[in-house]
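J.: one predicted model, sequence on top.
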Amino acid sequence: MSSISEAGVVTAVDKELFIGGKWVPAADGKTFPVLDPSTGETLCEVADASPADGVSALDAAVAAQADWANVAPRERGEILRRAYELLIKRADELALLMTLEMGKPLAESKGEITYAAEFFRWFAEEAVRIDGGYAVAPNGTGRFLVTKQPVGPCLLITPWNFPMAMGTRKIGPAVAAGCTMVIKPAAQTPLSMLALAAILAEAGLPEGVLNVLTTSDSGGVMEPLIRDGRARKLSFTGSTGVGRKLLEQCADKVLRTSMELGGNAPFLVFEDADLDAAIEGAMTAKMRNIGEACTAANRFYVQRGVVEEFSRRLTERMEALPMGRGTEEGVVVGPLIDEGAVEKVSGLVSDATERGARVLTGGSAVDGPGNFYQATVLTDVPKDARLASEEIFGPVAPITPFDSEDEAIAAANDTEFGLVSYVYTSDLKRALRVSERLEAGMIGLNQGLVSNPAAPFGGIKQSGLGREGGTVGIDEFLETKYIAVAL
Ligand code: NAP
């Protein structure tokens, strides 16, 4: 790592828009700053796309669609495979770039680069497995041919918390399926996506297949593209509030949608659980990405007989976590993304303590520079505390005791969200019973991490629509066509 300088990785990134295979400035020449959340300093300026640039990007994606859909699946897969190799080869410098713009510790950024690359490896393999069917009609006189075709040009919108992986999780299946794209990364973390676009171009992705818009006006640039009608799909990862708004916009031209939205994960620990494993899982589920993950454990429900020991041990682990700039050796708790995030976490903790929660460790923001909040454990958190119903998106673990299985399940399901739930128990029957009753698209059963490119990731209720990854991930970018054959 020592050979890679911070300034060097930032300088190396193209900071213009990537449209039709070319790096171009915004038509009006505007730029906006990218900040380092651990210092508040400006890292660099990137092009600030206007609605007119958006239309140019969509034009390029539409123009490239027909030829791209005809590229052999094997060739599409091999482009992804080459991009996978390049991501792995450059993991150290890409991790440093990510840490600078997003704040998470270097080890976690490197983990994300590997995770992101794995989506390309997975979908390189899936590109050649798009299937179809041939069947005899029930009345025996005709035949059914079923084939799958790319949806068409897609709009992709990604959040700041996983700046690379949320992109590859969409770009991988879109490339494999033969769709062209316009992607808009979060304004706070555009550099990872710009670096990724350069890697895909180097891997041989044809001009116009991927177009990247960085902008400080996400709504102003994307709404006209959604309403244009030429793009046939929107795949969005972000908050439920923005997702709802985008679904309304998509209704106009009936776009296909994939929605990976917010979470409010419950983490259930039963008295029969392996407590060592539960503490390890809790640390992962809570502290991965400094708590800024849609899968982050948001509410800990712990059975009365073990709640004291669980709380004490979790507190010991949380107070031992080194805090600092993500580039420093050994740091686990990096900065939150911005001042607003620190204010939100502070407000949720104050609300909980005013309603009777006790602070076991942490509980305060840290003076700047940078947007730091202490790793925090709260206990006796009442069920009506705001953090029981809102995403915390920070390093705060609220613990509430429960007595019965029914009570725990009712509390866990008492949310509009349904992304992931975690369950710790050593009783096989209980594990399956509880997993089936929890209202979530994913269950972490005796483990604190569910994300895996080979598994279907996604939520139910207001956590989203559709799945990313796994064997179903490519279906989000394919249309099924049935040909009725007369014999
Ligand atoms: P966000 O505010 O919803 O933003 C997500 C993306 O949408 C950003 O690129 C943002 O651009 C863009 N955006 C915002 N308003 C828009 C509009 N009116 N039209 C078009 N685009 C718009 O969410 P975030 O704060 O970046 O990310 C955190 C949220 O994402 C959390 O709720 C988290 O749970 C969720 N998330 C879900 C998953 C999942 O797989 N389910 C994964 C990761 C994160 P700007 O940056 O310019 O605002």
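T.: Noted; the coordinates are in hand. Numbers count the residues shown, from 1 in each chain.

J.: confirm that Lys148 sits in a strand.
T.: Yes. Counting by DSSP: H, G, I helix; E, B strand; the rest coil, Lys148 is part of a strand.

J.: just give the number of residues close to Trp23.
T.: Neighbourhood size, Trp23 [other Cβ atoms under 10 Å]: 16. In short, each C-beta sits where N, CA and C put it, glycine included.

J.: that one should be in a helix, yeah?
T.: No. Under three-state DSSP, Trp23 sits outside any helix and is assigned strand.

J.: tell me the pLDDT at it?
T.: In the prediction, the pLDDT value recorded for Trp23 is 98.

J.: now it. Nearest residue, chain neighbours left out?
T.: In space, Trp23 comes closest to Glu16 once its chain neighbours are excluded; the distance is 4.2 Å by Cβ to Cβ, 6 or more residues apart in numbering.

J.: is it true that the one you found touches Ala49?
T.: No. Counting by Cβ atoms under 8 Å, no contact exists between Glu16 and Ala49, whose distance comes to 9.8 Å.

J.: of those two, which one has the most company?
T.: Taking Glu16 and Ala49 together and counting by other Cβ under 10 Å, Ala49 has the greater number of neighbours (31 against 17).

J.: identify the residues contacting the more buried one.
T.: Contacts of Ala49 were listed using Cβ atoms under 8 Å, 6 or more residues apart in numbering, and they are Leu17, Ala26, Ala57, Leu213, Thr214, Thr215, Asp217, Val221.

J.: from those residues, pick the one nearest Leu205.
T.: Ranked by distance to Leu205 (Cβ to Cβ), these are led by Ala57 at 14.8 Å.

J.: so where's the stretch 1-150 of the chain shaky on pLDDT?
T.: Low-confidence segments of the stretch 1-150 of the chain (pLDDT under 70): 1-3.

J.: indicate the residue of it located nearest to the ligand.
T.: Among all residues of the stretch 1-150 of the chain, Phe32 sits closest to the ligand, at 9.5 Å; criterion: Cβ to the nearest ligand atom.

J.: tell me the secondary structure for that residue?
T.: With three-state DSSP as the criterion, Phe32 was assigned strand.

J.: out of the contacts of Ala49, which sit inside helices?
T.: Among those, the ones falling in helices (DSSP state H) are Ala57, Val221.

J.: how far away is the closest residue in space to Gly458 that isn't next to it in sequence from Gly370?
T.: In space, and not counting its chain neighbours, Gly458 is closest to Arg467: 4.0 Å by Cβ to Cβ, 6+ apart. When distances are taken as Cβ to Cβ, to the nearest Å, Arg467 and Gly370 turn out to be 36 Å apart.

J.: and if you look at Gly132?
T.: With the distance defined as Cβ to Cβ, Gly132 ends up 54 Å from Gly370.

J.: who's more crowded, these two?
T.: Looking at Gly132 and Gly370 with other Cβ under 10 Å, you find the greater number of neighbours at Gly370, namely 21 against 13.

J.: who touches both of Glu16 and Ala49?
T.: Between them, Glu16 and Ala49 have Ala26 as joint contacts when contacts are counted by Cβ under 8 Å, 6+ apart.

J.: span of stretch 208-222 from start to end?
T.: Its start and end residues considered, stretch 208-222 measures 18 Å (Cα to Cα, to the nearest Å).

J.: which residues does that stretch contact?
T.: Outside of stretch 208-222, the residues within contact range by Cβ under 8 Å, 6+ apart are 15, 17-21, 32, 46-51, 53-54, 57-58, 60-61, 63-64, 68, 155, 157, 171, 175, 180-185, 187, 190, 193-194, 197, 200, 246.

J.: give me that answer again for 7 Å
T.: 17-21, 32, 46-51, 53-54, 57, 60-61, 63-64, 68, 155, 157, 171, 180-185, 187, 190, 193-194, 197, 200 (Cβ atoms under 7 Å, 6 or more residues apart in numbering).

J.: check stretch 127-141 too.
T.: 73-74, 76-77, 80, 143-148, 176, 474, 478, 487.

J.: from the chain's centroid, how far away is stretch 419-439?
T.: Centre-to-centre, stretch 419-439 and its host chain are 24 Å apart (Cα atoms, centre = their mean, to the nearest Å).

J.: can you give me the end-to-end span of that stretch?
T.: Between the opening and closing residues of stretch 419-439 lies a distance of 8 Å (Cα to Cα).

J.: hmm, back to that, drop anything exposed from the contacts of stretch 127-141.
T.: Buried positions within those, assessed by neighbour count (16 or more other Cβ atoms under 10 Å), are Arg76, Gly77, Leu80, Lys148, Ala176, Ile474, Leu478.
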